[in-house]
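1. next come a sequence and a model predicted from it.
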Amino acid sequence: MKRVFSAGGIVIREGTKGANGSKGTKVLVIQHSGHHGWDFPKGHIETGESSKDAAIREVEEETGAKAEIVEKVGETKYFYYEDKEKVFKTVVYYLMKYIGEGVATTPEETSAMEWLPVDKVDARLSFKDTKRLWGEAKGIVERLKTKD
């Protein structure tokens, strides 16, 4: 069985106005262009690259968002098939803070992107493991807000 290791980011930004004029913390979610599921940006860790560096790179490549790591949230593990071969994938996720716009170099991997209020993220996410991970990240976000 093939094993794949990836890293991704749960990116938050503060004080931005949404389409409905609401302010507050927003969370970046993407729709994958292949399977059309809603998730957080992620991708393969390249040889010699740390998971933190991969997460920062993948977020910018897929979304154009530059972000810095706040802390590790956790990981998801799942199986899928690629060219009739079973693959076991582990993805480590980091809570990240949006710091500006960069350049999306692989935007074709993403068919849609949204900044959602914290209370709307769970309903948008497509996968059980990602929803569980978001629950952990949401707790961190709330803890950080009480420190401010």
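-> That came through fine.

2. dump the residue contacts of the spatially most central residue of the chain.
-> The residue lying closest to the centre of the chain (CA atoms, centre = their mean) is Phe40, at 2.7 Å. With contacts defined as CB atoms under 8 Å, 6 or more residues apart in numbering, the neighbours of Phe40 are 8-11, 28-30, 93, 130. Using the backbone N, CA and C atoms, a C-beta is placed for each residue, glycine as well.

3. do Ile69 as well
-> Going by CB under 8 Å, 6+ apart, Ile69 touches 9, 52, 55-56, 94-96.

4. Ser126: which of those is nearest?
-> Among those, Gly9 lies closest to Ser126 (CB to CB), at 17.2 Å.

5. what kind of secondary structure is that closest one in?
-> strand (DSSP: H, G, I helix; E, B strand; the rest coil).

6. who does it form a beta bridge with?
-> Tyr94 (DSSP bridges).

7. any idea how far it is from Phe79?
-> When distance is defined by CB to CB, to the nearest Å, Gly9 is 23 Å away from Phe79.

8. who has more neighbours, those two?
-> For Gly9 versus Phe79, neighbours defined as other CB atoms under 10 Å are more numerous around Gly9 (31 against 9).

9. Glu108 is in contact with His32, correct?
-> No. Assessed by CB atoms under 8 Å, His32 is found out of contact with Glu108, at 10.9 Å.

10. so for those two, which residue has more residues nearby?
-> Shown here are His32 and Glu108; by other CB under 10 Å, His32 has more neighbours (17 against 10).

11. separation between that one and Ala65?
-> Between His32 and Ala65 the distance is 16 Å, computed by CB to CB.

12. okay, and the helix or strand of this structure with the least pLDDT?
-> The weakest-scoring helix or strand in the chain, judged by mean pLDDT, DSSP states H and E, is helix 128-147 (a mean of 89).
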